[in-house]
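# structural data only, the sequence is not supplied:
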């Protein structure tokens, strides 16, 4: 299952593909992460483009795919196979929710919300929660953890990808919190997964995001 957001961070729709016997649709990597095979991710991307075209009126000029596991070679090949037909530029971004790297401030407060660190040309670290200057405190509980993100494919500057992710943490219209840790591309998908685990049954995928938030 995947969600579609437009350039303003607004929810467009949800698409899904059926699953066959476990093991045919997925591959298991040595790090324990599961990945779609080439055929399945190709079908998913084609459905994403078609759904976007039906809702917006034209196919997207650029696609940024957020995923909480890395894009393995089969997934990269499947995405390239589809998007090359449409002449669409794209970035493949792996968002790591629990990175091992942390920052420490020189005072009592944690790093400021929005703190960004460029690890290298394809990797960045971003604090989406943290100290807020206007509040003169960290309006949260526990110790804020950053998000690490890797560009597994693409040409966008890593700083720009960080700004996009940061902006998407402010796009949860069902929440009045100053800060959310995850971008809506990850947060909403997690909500949907938990609901489906609970046994939601439907003849077709319910595409209105209001059912999931």
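Right, received. Where do you want to start? Keep in mind that this is a model prediction, so the values were computed, not measured.
# and the helix or strand containing residue 83, how far out from the chain middle?
Assigned by DSSP states H and E, residue 83 belongs to helix 73-86. Remark: helix 73-86 is offset 18 Å from the chain centroid, using C-alpha atoms, centre = their mean, to the nearest Å.
# same check on stretch 89-97?
When C-alpha coordinates are averaged (C-alpha atoms, centre = their mean), stretch 89-97 and its chain have centres 7 Å apart.
# ok, stretch 147-161 next?
Per C-alpha atoms, centre = their mean, the centroid offset for stretch 147-161 relative to its chain is 12 Å.
# and that stretch, which residues are buried?
For stretch 147-161, the neighbour count (16 or more other C-beta atoms under 10 Å) marks 147, 148, 149, 150, 151, 152, 153, 154, 158, 161 as buried. C-betas here are computed from N, CA, C, even on glycine.
# tell me which two in the residues you listed are the farthest apart.
Pairwise distances across the buried residues of stretch 147-161 peak at 18.8 Å for 147 and 153 (criterion: C-beta to C-beta).
# residue 152 against residue 93, yeah?
Yes: contact between residue 152 and residue 93 holds when scored by C-beta atoms under 8 Å: they sit 7.1 Å apart.
# hang on, the earlier thing: in strands only, show me the buried residues of stretch 147-161.
Those of the buried residues of stretch 147-161 mapping onto strands are 147, 148, 149, 150, 151, 152, 153, per DSSP state E.
# check which helices and strands the helix holding residue 83 is in contact with.
On a contact count with 3 or more C-beta pairs under 8 Å, 6 or more residues apart in numbering; DSSP states H and E, helix 73-86 meets strand 34-36, helix 38-56, strand 89-96, strand 147-153.
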